[in-house]
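Visitor: structure of the sequence below:
(one chain, ligands or ions: 1)
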Amino acid sequence: MDYDVLIIGGGPSGLSTALHLQKIAPHLASRILILEKEHYPRFKLCAGGLTLDAEILLERLGLDVNEVPNVTADNIHFDFAGKGLNIRMRGQHALRVIRRNEFDHWLAKKAESRGIEIREGVTVKNIITHPDKVFVETDQGAFEAQVVVGADGSNGITRRCIFPKASIYTARVLEIITPLHGTLASAEAKHKNEHAYFEFSPVPENIAGYVWDFPTQVNGEAMRCWGIYDTNLLASEKRPQLKTPLAEEMARFGFDLNNYEIKGHPIRWFSPENQMSVPRVLFVGDAVGADPIFGEGISIALGYGAIAAREISESLQRNEFSFRRYKHRVVGSALGQTLIARWIIAYIVYPLKWRWFQILLWRFLKPIVILIAWGFVLNWGRRIPTS
Ligand SMILES: Cc1cc2nc3c(=O)[nH]c(=O)nc-3n(C[C@H](O)[C@H](O)[C@H](O)COP(=O)(O)OP(=O)(O)OC[C@H]3O[C@@H](n4cnc5c(N)ncnc54)[C@H](O)[C@@H]3O)c2cc1C
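Guide: Reported below is the predicted structural model:
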């Protein structure tokens, strides 16, 4: 079976690549195939926090995320030991939270409605590049394509086949879903239900990350999603078990970690040295790298898709598939600029792990933090060319 573009993985990065390609070059829709090993709606471990940049990219694809079950948080707190910076957006929510089974299913249906073929339940086993084709071996037969897109996430087979020896920067992440209320009926516990929290108190203990606590919904029922993210930037130091700071933070609000199921998954994060392509194969989403500071990857995955689509459509026009300039294109884009800024910030914020520095940063340097976040971390979605 022969296609122009074969996309491995039907998460946000693969679906975004297909949707943007269809938008730029509608005649290509029937020449694109997405192979997804699961069946939608499939489980994906993720807190589901969508930043405004994700919403902007979806809107520019003509998609209304309100169609997906979601909850919104009006306030986001960046705290150290319960006190810090509170972000509110004038006239709109600060964070929207979706569940990935519902969001990815919705996005896949949108792609199919625009003429893109998705084969579910097909696991890619091997990828072999030739000068004039790429061969993709799966558990259900072989496929050929002019171009292959590795959109198969942090542990993907595409990267393992193409760059088996590449260095890997991965964060460790744990997640838990709880009911809305713990056993603590204090005003503090009630107050927090409308807010999303990032708590940086684990940093002095050499956990280079934070504990999060978001509002969410599961099958329509209001819940909380908790988790802990560790970039591993302080992995050479002595660290407590990853779940210990999470358990401590949950206990402050009357939740006992031991009562809930803990799930874990790595996040591969962006570093400027990460390779992004070889002739005829390019990578998007977590397969290249998510945001190093927070592990935010949904908006980033949608952004990679927009850039990859442009690169692929131009390559097909020229009939030239070296993808030599793809990394240059990513790094030079608004997406690349935010990723590089976030990579630099992660190397400042986490290695400067002392308690006094974290307190200074989150409680006293608020105007500077907001300015940097506004200028370098957020607001990049509008500046990505999508047509
Ligand atoms: C615990 C946790 C919490 C997170 N919370 C947030 C958050 O709140 N906000 C945020 O923005 N980001 C968050 N992220 C990051 C976010 O989930 C990822 O960055 C995002 O999913 C990347 O999208 P992707 O399309 O690149 O990869 P994925 O979403 O991982 O999609 C890859 C797809 O490829 C398929 N696949 C894999 N291997 C194969 C194969 N061999 N053959 C065929 N198909 C294959 C998979 O089934 C999957 O559907 C979180 C991550 C974790 C682990």
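
Visitor: CA only for contacts and neighbour counts going forward, please
Guide: Fine.

Visitor: excluding its backbone neighbours, what's nearest Ile177?
Guide: Spatial nearest neighbour of Ile177, chain neighbours left out: Cys225 (4.6 Å); criterion: CA to CA, 6 or more residues apart in numbering.

Visitor: secondary structure of the one you found: a strand, I assume?
Guide: Yes. Per DSSP: H, G, I helix; E, B strand; the rest coil, Cys225 lies within a strand segment.

Visitor: list the contacts for Arg42?
Guide: Arg42 is in contact with 101, 105, counting by CA atoms under 8 Å, 6 or more residues apart in numbering.

Visitor: flag every residue of the stretch 201-350 of the chain that's near the ligand.
Guide: Within the stretch 201-350 of the chain, the positions near the ligand by CA under 6 Å from any ligand atom are 265-267, 285-287, 290, 295-299, 301.

Visitor: distance of the residue nearest the centre of the chain relative to Arg252?
Guide: The chain has Gly297 as the residue nearest its centroid, 1.4 Å off, counting by CA atoms, centre = their mean. According to CA to CA, to the nearest Å, Gly297 and Arg252 sit 28 Å apart.

Visitor: give me the pLDDT value at the residue nearest to the centre of the chain.
Guide: We have a pLDDT of 98 for Gly297.

Visitor: how about the contacts made by the nearest residue to it once chain neighbours are set aside?
Guide: Once flanking residues are discounted, Gly297 sits nearest to Ala290: 4.8 Å by CA to CA, 6+ apart. By CA under 8 Å, 6+ apart, the contact list for Ala290 reads 267-270, 296-297, 300-301, 339.

Visitor: please repeat the previous calculation with a cut-off of 6 Å.
Guide: Listed by CA atoms under 6 Å, 6 or more residues apart in numbering, the contact partners of Ala290 are 269-270, 297.

Visitor: just give me the closest of those to the ligand.
Guide: When those are ranked by distance to the ligand (CA to the nearest ligand atom), Gly297 comes first, at 3.0 Å.

Visitor: now do the phi/psi pair for the closest one.
Guide: The phi/psi pair for Gly297 (degrees, to the nearest 10) reads phi -140, psi -10.

Visitor: any residue of stretch 148-165 touching the ligand?
Guide: Yes. Under the criterion of CA under 6 Å from any ligand atom, the ligand is reached by stretch 148-165 at 151-153, 156-157.

Visitor: quick one: which of the residues you listed has the most company?
Guide: Most neighbours among these, by other CA atoms under 10 Å: Ala151, with 34 neighbours.

Visitor: pLDDT score for that one?
Guide: Model confidence at Ala151, given as pLDDT, is 98.

Visitor: now do the one 5 residues further on
Guide: Taken from the predicted model, the pLDDT recorded for Gly156 is 96.

Visitor: ok, now Leu378?
Guide: Leu378 carries a pLDDT value of 89.

Visitor: same deal with the one 4 residues further on?
Guide: Reported pLDDT at Arg382 in the predicted model: 91.

Visitor: before we move on, what about Arg239?
Guide: Looking at Arg239, its pLDDT is 97.

Visitor: show me where the stretch 51-200 of the chain has strands.
Guide: Listed in chain order, the strands of the stretch 51-200 of the chain (DSSP state E, counting those that start in this stretch) span 70-73, 75-80, 83-88, 95-98, 117-120, 124-130, 133-138, 141-150, 170-179, 195-199.

Visitor: low pLDDT regions in the stretch 51-200 of the chain?
Guide: 185-192 (pLDDT under 70).
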